[in-house]
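**Student:** This is a predicted model, with the sequence first.
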Amino acid sequence: MKLENKTVVITGGARGIGAATAEKFLTEGANVVLVDLKQEEVDQTADSFSAYEGKVLGVEADVTKKDSAQKGIEFAVKHFGTVDVLVNNAGITADAQLLKMEEDQWDNVINVNLKGVFLMTQAVAAQMKEQNSGVILNASSVVGLYGNFGQTNYAATKFGMNGMTKTWAKELGRYNIRVNSVAPGFILTPMTEKMPEKVLNTMKEKSVLNDLGRPEDIANAYAFLASDEARFITGTVLSVDGGVVI
Ligand code: NAP
């Protein structure tokens, strides 16, 4: 097992890619803390992994609030003693073309996708510095590499995410902390399932493999980057997109 007894905190862990990542890390031997907006939902997801009792816990926390972000990290340390991996997976969309985008659509997406990642990483970096080890993984997107129609706010956050990844890799390497992003293509999750069929087909055609991704495709990339097999990889953005951006 690649991640035996490592402790991972996964934001937005109640569903979608976050929940699939939790499952993958559990199969690799990790302890998992799911952080999400509603206690009921993290509990439900944690309960669904019944084979891993005692290895998976959920805590309600809003990544956009400093105290709440801190609480997520402290919860993991209290229960499992360390935080070895943080997956900054929580993210939202609020799409509109530039001329129609409302100020609150801009603010909400920036708050969760950028400020939330900043606050969670600040909280975990202090802990990892003390441990002199850690891995931070950020959920970017193909949209953070080539933009997207109707996603001014989301594109800004995902390009920003790649910038933060490279900056933190440079700042935190001296404490033996690695920082990387994963840039998924179009993955079938509750976030994308609400898109019209026509849009999903267009997404599929953009992949040179003519396929949409699955949450497990992203979970596998996170597990690799979190493991010692990736010990010399930091500051990178790994595309997992079926060849959408080549
Ligand atoms: P998802 O199914 O919508 O799940 C996101 C989770 O994050 C939800 O459980 C959501 O809770 C939670 N969340 C939202 N705001 C939060 C906050 N302030 N604090 C804590 N948790 C919060 O998303 P997904 O499709 O799995 O995507 C996961 C990540 O991958 C995102 O960062 C996304 O941008 C990125 N990504 C996804 C795709 C894709 O095709 N799916 C492609 C590229 C990148 P609620 O449900 O209660 O709001």
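**Tutor:** Perfect, thanks for sending it.
**Student:** Close to the ligand: what parts of this protein are there?
**Tutor:** Proximity of the chain to the ligand, by C-beta under 6 Å from any ligand atom, involves residues 11-12, 14-18, 36-38, 62-64, 89-92, 112, 116, 139, 141, 184, 186-187, 189-192. (C-beta placed from N, C-alpha, C; glycine too.)
**Student:** if we go to 5 Å?
**Tutor:** Within the chain, the positions near the ligand by C-beta under 5 Å from any ligand atom are 12, 14-17, 36-37, 62-64, 89-91, 112, 139, 141, 184, 186-187, 189-192.
**Student:** If you tally nearby residues, what's the number for Ala126?
**Tutor:** 11 (other C-beta atoms under 10 Å).
**Student:** helix or strand for it, which one?
**Tutor:** Ala126 belongs to helix 116-131 when assigned by DSSP states H and E.
**Student:** what does Asp217 give?
**Tutor:** Here Asp217 is assigned to helix 215-226, by DSSP H and E.
**Student:** Which strands or helices does that helix pack on?
**Tutor:** When contacts are defined as 3 or more C-beta pairs under 8 Å, 6 or more residues apart in numbering; DSSP states H and E, helix 215-226 sits against helix 16-27, strand 85-88, strand 134-139, strand 177-184, strand 237-240.
**Student:** By mean pLDDT, flag the weakest helix or strand of the protein.
**Tutor:** helix 190-193 (a mean of 79; mean pLDDT, DSSP states H and E).
**Student:** neighbouring contacts of it?
**Tutor:** For helix 190-193, the surrounding residues in contact (C-beta atoms under 8 Å, 6 or more residues apart in numbering) are 15-16, 91, 93, 186, 200, 203, 212.
**Student:** Gly160 contacts Leu114, correct?
**Tutor:** Yes. Using C-beta atoms under 8 Å, Gly160 is in contact with Leu114, at 5.2 Å.
**Student:** Between those two, tell me which one has more neighbours.
**Tutor:** Neighbours were counted for Gly160 and for Leu114 using other C-beta under 10 Å; Leu114 has more, 20 against 17.
**Student:** On the three-state scheme, that one is what?
**Tutor:** helix (DSSP: H, G, I helix; E, B strand; the rest coil).
**Student:** do Val8 as well
**Tutor:** Criterion first, three-state DSSP; result for Val8: strand.
**Student:** Can you name the residues that contact the nearest residue to it once chain neighbours are set aside?
**Tutor:** Distance criterion C-beta to C-beta, 6 or more residues apart in numbering; nearest residue to Val8, sequence neighbours excluded, is Val85 at 4.0 Å. Listed by C-beta under 8 Å, 6+ apart, the contact partners of Val85 are 3, 6-9, 25, 30, 134-137, 226.
**Student:** at 10 Å what do you get?
**Tutor:** Shown in contact with Val85 (C-beta atoms under 10 Å, 6 or more residues apart in numbering): 3, 6-10, 21, 25, 30, 32, 124, 128, 134-137, 178, 222-223, 225-227.
**Student:** hang on, the earlier thing: quick one: the least confident helix or strand of the chain to chain centroid distance?
**Tutor:** When C-alpha coordinates are averaged (C-alpha atoms, centre = their mean, to the nearest Å), helix 190-193 and its chain have centres 15 Å apart.
**Student:** Next, the buried residues of it.
**Tutor:** Thr192 (16 or more other C-beta atoms under 10 Å).
**Student:** downstream neighbour of that helix in the secondary structure list?
**Tutor:** helix 197-206.
**Student:** Burial-wise, tell me which of the helices and strands packed on helix 215-226 comes out on top.
**Tutor:** Ranked by mean neighbour count under mean count of other C-beta atoms under 10 Å, the helices and strands packed on helix 215-226 are led by strand 85-88, which reaches a mean of 30.
**Student:** Pairing partners for that strand, with directions?
**Tutor:** strand 7-11 (parallel), strand 134-139 (parallel) (DSSP bridges).
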